[in-house]
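Novice: here you go, sequence then predicted model.
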Amino acid sequence: MVKVPPILSPAQVELLCRQPQFYKYKCMIWLLYALALRNSELCLLRQSQIDIIKKIVIIDGKGDKQRRLPLTARMVAVIESVKERYEPLEYLFENCYRQPYTARGLRSIVTCAASAAGLYHVWPHLLRHSRATSLVDNRVEIGQVKQLLGHSDLRTTMIYTHYSVEGLRKVL
């Protein structure tokens with residue numbers, strides 16, 4: 001019986017990002033992880049929400065909440081390359097009909113990449129969990145992780161400390 005991994009390691013995420021045939025899919029998976037986005041947040045990310053000059057992205061989260069996330073130089077490079085290669089009209093990631101990807105479409109992209117990488121039981125939201133856990137493992141303050149994820153209650157964010165290997169080491 002195959003056990004479901006609670007998180008993916010950064011090395012597994014890199015492996016996952018290398019699998020898709022299309023560059024756009026690689027970028028979708030990587031940004032989903034790097035920004036710890038929910039499926040809908042990535043699928044509905046409009047170009048107007050991205051400010052390359054200020055290096056921020058405004059995410060429309062659950063409950064009509066917005067959060068402003070900083071963009072690293074690598075994130076900016078990925079976003080600019082997607083814009084150059086695919087010339088999206090409204091959304092950063094558009095399908096062949098110039099519509100945003102659906103959650104189902106995104107799940108298909110991630111599961112196909114995971115299968116090609118030899119990883120199983122991987123879905124888009126697992127990338128969000130993996131990123132949050134990675135941040136906790138790297139001793140980022142839980143309040144900052146809460147802000148990145150857009151949680152209103154710290155108790156929701158505390159779930160990621162249960163997955164943290166570093167957290168377990170501290171207990172032991």
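Specialist: That came in fine, so what should we check first? Residues are numbered from 1 along each chain as shown.

Novice: alpha carbons only for contacts and neighbour counts from here, please
Specialist: Noted.

Novice: where do the strands sit along the protein?
Specialist: Counting by DSSP state E, the chain has strands at residues 50-51, 56-60, 66-70.

Novice: any idea of the pLDDT on the residue most central in space within the chain?
Specialist: With distances taken as Cα atoms, centre = their mean, Leu32 lies nearest the centre of the chain, 2.0 Å away. If you check Leu32, the pLDDT there is 96.

Novice: ok, His162 next?
Specialist: For His162, the model assigns a pLDDT of 64.

Novice: quick one on the thing from earlier: from Arg139, how far off is the residue nearest to the centre of the chain?
Specialist: According to Cα to Cα, to the nearest Å, Leu32 stands 21 Å off from Arg139.

Novice: now do Glu94
Specialist: 36 Å.

Novice: pick out whichever of these two has more residues nearby.
Specialist: Per other Cα atoms under 10 Å, whichever of Glu94 and Arg139 has more neighbours is Glu94, with 21 against 11.

Novice: which residues touch the nearest residue to the more buried one once chain neighbours are set aside?
Specialist: Of all residues not flanking Glu94 in the chain, Pro100 sits nearest, at 4.6 Å (Cα to Cα, 6 or more residues apart in numbering). With contact set as Cα atoms under 8 Å, 6 or more residues apart in numbering, Pro100 has these partners: 43-44, 91, 93-94.
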